[in-house]
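Asks: give me a model of this one.
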Amino acid sequence: MTAVLQASEPALADLPSQVLHEVFGYPAFRGAQREIVEHVVAGGDALVLMPTGGGKSLCYQVPAIVRQRAGRGVTVVVSPLIALMHDQVGALDEIGVKAAFLNSTLDGDEARRVERDLLAGRLTLLYAAPERILTPRFLAMMESLAERGQLGLFAIDEAHCVSQWGHDFREEYLGLSALHERFPGVPRLALTATADDHTRADIIERLQLQAARLFVASFDRPNIRYTIVEKDEPRKQLLRFIRDEHEGDAGIVYCQTRKRVDETAAWLAAEGMTALPYHAGLDAALRRQHQDRFLREEGVVMVATIAFGMGIDKPDVRFVAHLDLPKNIESYYQETGRGGRDGLPADAWMSYGLADVVNQRRMIDESEAEEEFKRLQRSKLDALLALAEAHDCRRVRLLAYFGQASTPCGNCDNCLHPPATWDATEAARKALSCIYRFRQSPHGPRSFGAGHLIDVLRGKATDKVAQYHHEQLSTWGIGADVSESQWRLVLRQLIALGHLQAEGEYNTLALTESAREVLRGAVPVQLRVPAETKARGKTARVRGGGAAGKPPPLPLDEAAGARFNALKAWRAEVAREHNLPAYVVFHDATLAEMARECPDTLDALAGVSGVGATKLERYGAEILRVLGAPA
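Replies: Predicted coordinates:
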C-alpha cells in the first residue's frame, strides 16, 4: 500500500491552515512551518532542524490531524521522555485531539485500553519511546494498521539521539531504521533542535533519510540574551544574577556533577528561593515529584545535571544558567533554548573559568572513545571556548557555528557592554617561557599547576617558591604588572587554543607543539579585560512570567494588568482541576492578549492567538466572566 497523498487533492489544499486556526487557535504558520506541513501532508519524508521553541510539534501534529481526517490513519510519535509524552497528550486533549501514550507509567489494563483504541482507529496521535516501538508486540500492531492503510505517519522527535556525534546519543534510537524497512510506504518526519554537519549526516544515514527533504530553520532565538562571565565565587554571582534580574521567575541552573547540584540547590533554598535538585542519583519518585513541581508551580528554580531538560515544554522559563562549562555548542544551545519558549525575554547566563577548560579537556582525553571521536569532541570544545572568550557579538558566533550568517544582535553582554581588550601576546610568551624554565630547573618537579605558575610570574614569595628555588628563575617576577585574574585569562586562552595542556591528577601545565609559534611571537593573543575590573550597570528589560503580581509579559496598563492577574488566578484553578501544568491551559502571552484586548463576545475571544475551537467552547464563557463581560 502507499500512503503518499497527491498534492492536488482539493480536500487537502486548505486543511493545514484550517486545522491550525480551528484546532490550535493560531492565525498563521511561522517561518518554514507551512512548507514543512504541506510536504508531510503530501506524504513526503523530511528532516527538520528547528530551534527549541520554534514550533516543531506543530510540524507533525497538524499533518497528523490532516492525514487522519483524510483517512490515512494514526501518527506514531517517537519520543524519548515520559514527561514529554504526558505533557503533549495533555495539551492535545485540551484542544480536543484524541491522543495517547504507551509507556511504563500505565498498568496492564490502561495499556490494553490504549492498544484497543489504536487498533480501532480512535487515535490521531500515539506517543511511545523507541524501545517500546521496536518490541514485537508493537510492531505487530503497526503491521495490522499498515495492512488496512491506517498507519499515517512516523514522527521521530529529538532525532539527534540517533547520532554517535550528537550530544544526547541513545542506543535504542539506532533500531528506528526498521521503520523504513518494514513500512516503506509510511512517511517519516525526523525533528531536532540541534545538529551540526556531522550529526546531520549521521541522522540521515542511520534513519535512511537520504531521499528526505531537508528543512533548516533559523537557529536564532532573538528573545534570549546571552551572557558569559568569568568565575569569581560563582554561586554568589548566580545569586546576584537571579535576584537582580529574575526574582520569582522559573529557571534552570545546570551543574556538571550531582554533588554540585545538591549543594547549589540547598544553598539557593537557604537564600530563600524555591530551588529543587534533579539528577540521576536521586530516587525516581523524587525526580518525578521535583519535575512536576517545576512544571506546575510558578517561580521554581530547578538545579540539575544535563539529565534534566530534554523534552521539557514549559514555555515560561525565564532564565537558564550554567555554573559549569557544557561539553560543546550543541549542548549549550539545546540547554539555553529551554528558556523563553513562549517568545518572551529570557536570559542564558554562564560562568566559567580555567578549571572548566582543564576538566573538559581531561574528560575527553581520558575517555575510552576512539581517537577520531576524541578529535571531533576537542574541536567542538574549542568552538565553545571561542564563544566564551569572544569579545564580539555572542549571537553572531553562535549562529555561525550552525552555518548561519547574522549581524550583531545588540542584546548579548558583549553588544550591550563592549569589553575592553588588551594585547596579551607578550604575556602569553612570558607564561610559556616560565613553564619551559620549570622543565629546565634542577630543583624538584618539572611541571606545576596554574596557581604556582602565576605566583612565579608575579614574583610572589610562597613556601613552594622557596622550596623549589623558583625565585632564581629568569622568569621570576617578569609578569608582576599583570593581575592574577588577567593571568588566568591568559592561561585559559592558551589552553583553549591548544598551546598548553593540563596533565595528570594535579592538572600541571605542559607546552604543546604549537607553543613554539607563540613563543616566537608569530601568534597574536588578544584578550578581554576581566569583567570585575570594569563597572557594569544593570540593564533594564521587560520581564514576565513569574509569580502572580509580577509585571505581565507584555506592556499593559493598570486595568489590563488587573485583568491579567485575574486570568492567571482562574487558569491556576483550571489547571489544578485538570491536573495539568497551567501553561497547557493557556500560555501567559495568550492571557496577556486577552487582558489587553478585553474581548466581550465569544467571536472576539476566538480572534485571540492560542484560542482554538475546543478551548473556546470549553472555557469561553468563563473567560468572558473573568474579564467582566456580560454573561
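Asks: off-centre distance for the helix of greatest length in the chain?
Replies: Among the elements of the chain assigned as helix by DSSP state H, the one spanning the most residues is helix 558-578. Mean C-alpha position of helix 558-578 versus that of the full chain (Cα atoms, centre = their mean, to the nearest Å) differs by 28 Å.
Asks: which secondary structure elements does that helix sit against?
Replies: Under the contact criterion of 3 or more Cβ pairs under 8 Å, 6 or more residues apart in numbering; DSSP states H and E, helix 558-578 touches helix 582-585, helix 588-597, helix 613-627. Every residue, glycine included, has its C-beta placed from N, CA and C.
Asks: tilt between that helix and helix 613-627?
Replies: Taking axes from the mean of the first three to the mean of the last three Cα atoms, to 10 degrees, helix 558-578 and helix 613-627 form an angle of 130 degrees between their directions.
Asks: what does helix 558-578 rub up against?
Replies: By Cβ atoms under 8 Å, 6 or more residues apart in numbering, the surrounding residues in contact with helix 558-578 are 90, 94, 296, 548-549, 551-552, 556, 581-582, 584-586, 588, 591-592, 594-596, 598, 619, 622-623, 626-628.
Asks: still on that earlier bit, looking at the helices and strands packed on helix 558-578, which is nearest to Arg520?
Replies: Nearest of the helices and strands packed on helix 558-578 to Arg520, taken as Cβ to Cβ: helix 588-597 at 56.9 Å.
Asks: and the helix or strand following the closest one, what's its mean pLDDT?
Replies: Past helix 588-597, heading to the C-terminal end, the next element that is a helix or strand (DSSP states H and E) is helix 602-606. For helix 602-606, mean pLDDT rounds to 95.
Asks: and helix 602-606, how far from the chain's centre?
Replies: Mean C-alpha position of helix 602-606 versus that of the full chain (Cα atoms, centre = their mean) differs by 35 Å.
Asks: and it, what does it pack onto?
Replies: Applying 3+ Cβ pairs under 8 Å, 6+ apart, one finds that helix 602-606 makes contact with helix 613-627.
Asks: mind listing residues that contact the helix it packs on?
Replies: Applying Cβ under 8 Å, 6+ apart, the set of residues contacting helix 613-627 from outside is 22-23, 25, 94-96, 563, 566-567, 570, 574, 585-586, 594-595, 598-602, 605-606, 611, 630-631.
Asks: now, of the residues you listed, which are buried?
Replies: By the neighbour-count criterion of 16 or more other Cβ atoms under 10 Å, the contacts of helix 613-627 include these buried positions: 22-23, 25, 94-95, 563, 566-567, 570, 574, 585-586, 594-595, 598-599, 605-606, 611.
Asks: wait, Ala461 touches Glu471, no?
Replies: Yes: using Cβ atoms under 8 Å, Ala461 and Glu471 qualify as a contacting pair, with a distance of 6.9 Å.
Asks: which residues make contact with the strand or helix carrying Gln501 from outside it?
Replies: In this structure, Gln501 is located in strand 500-503 according to DSSP H and E. Under the contact criterion Cβ under 8 Å, 6+ apart, strand 500-503 has outside partners 358, 361-362, 432, 435, 447, 491, 494-495, 508-512, 515.
Asks: kindly recompute the last result at 7 Å.
Replies: 358, 361-362, 447, 491, 494-495, 508-512, 515 (Cβ atoms under 7 Å, 6 or more residues apart in numbering).
Asks: farthest-separated two in the residues you listed?
Replies: Of all pairs drawn from those, the greatest distance, 18.6 Å, lies between Arg362 and Ala515 (Cβ to Cβ).
Asks: neighbour-wise, which of the two wins?
Replies: Using other Cβ atoms under 10 Å as the criterion, Arg362 and Ala515 rank with Ala515 on top: 24 against 16.
Asks: contacting residues for the nearest residue to the more buried one once chain neighbours are set aside?
Replies: In space, and not counting its chain neighbours, Ala515 is closest to His499: 4.6 Å by Cβ to Cβ, 6 or more residues apart in numbering. By Cβ under 7 Å, 6+ apart, His499 lies in contact with Leu432, Thr512, Ser514, Ala515, Val518.
Asks: of those residues, closest to Leu214?
Replies: Among those, and counting by Cβ to Cβ, the member closest to Leu214 is Ser514, at 36.6 Å.
Asks: that closest one: neighbouring residues, count only.
Replies: Other residues near Ser514 number 13, with proximity taken as other Cβ under 10 Å.
Asks: can you give me phi and psi for it?
Replies: Dihedral angles phi and psi of Ser514 (degrees, to the nearest 10) take the values phi -70, psi -10.
Asks: I'd say it and Leu494 touch.
Replies: No: between Ser514 and Leu494 no contact is recorded; they are 9.7 Å apart, counting by Cβ atoms under 7 Å.
Asks: the strands in the stretch 151-300 of the chain, which residues?
Replies: The residue ranges that make up the strands of the stretch 151-300 of the chain, judged by DSSP state E, counting those that start in this stretch, are 151-156, 188-192, 213-216, 224-230, 250-254, 275-278.
Asks: would you reformat those as a markdown table and include mean pLDDT?
Replies: Written out in a markdown table, the entries for these read as follows (pLDDT from 0 to 100):
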| stretch | mean pLDDT |
| --- | --- |
| strand 151-156 | 96 |
| strand 188-192 | 94 |
| strand 213-216 | 94 |
| strand 224-230 | 94 |
| strand 250-254 | 96 |
| strand 275-278 | 96 |
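Asks: of the ones you listed, which is nearest Arg378?
Replies: With Cβ to Cβ as the measure, strand 224-230 is the member of the strands of the stretch 151-300 of the chain nearest Arg378 (20.2 Å).
Asks: how far is that closest one from where the chain is centred?
Replies: 15 Å.
Asks: tell me the contacts of Ala212?
Replies: When the contact criterion is Cβ under 7 Å, 6+ apart, the partners of Ala212 are Asp45, Ala46, Leu47.
Asks: what backbone torsions are found at it?
Replies: The phi/psi pair for Ala212 (degrees, to the nearest 10) reads phi -80, psi 150.
Asks: how about it: what's its closest non-neighbour residue?
Replies: If the residues on either side of it in the chain are set aside, Ala212 comes closest to Asp45, at 3.7 Å by Cβ to Cβ, 6+ apart.
Asks: if I look at the one you found, how far off is Ala201?
Replies: When Cβ to Cβ, to the nearest Å is the yardstick, Asp45 and Ala201 sit 16 Å from each other.
Asks: for the two, indicate the residue with more neighbours.
Replies: Regarding Asp45 and Ala201, a neighbour count based on other Cβ under 10 Å identifies Asp45 as having more, with 20 against 13.
Asks: what sits against the more buried one?
Replies: Applying Cβ under 7 Å, 6+ apart to Asp45 gives the contacts Pro187, Arg188, Leu209, Ala211, Ala212, Arg213.
Asks: any weak-confidence spans in the chain?
Replies: Filtered on pLDDT under 70, the chain yields the residue ranges 1-13, 165-168, 310-311, 530-554, 629-631.
Asks: now, of the contacts of helix 558-578, which are buried?
Replies: 90, 94, 296, 552, 556, 581-582, 584-586, 588, 591-592, 594-596, 598, 619, 623, 626-627.
Asks: before we move on, the earlier item: which member of the contacts of Asp45 is positioned nearest Asn328?
Replies: Using Cβ to Cβ, Leu209 is the member of the contacts of Asp45 that sits closest to Asn328, with 23.3 Å.
Asks: give me the neighbour count for the closest one.
Replies: Using other Cβ under 10 Å as the criterion, Leu209 is surrounded by 22 other residues.
Asks: where does the nearest residue to it once chain neighbours are set aside land in three-state SS?
Replies: Nearest-residue entry for Leu209: Leu47, 5.4 Å, with adjacent residues in sequence omitted and distances by Cβ to Cβ, 6+ apart. Secondary structure state of Leu47, per DSSP: H, G, I helix; E, B strand; the rest coil, is strand.
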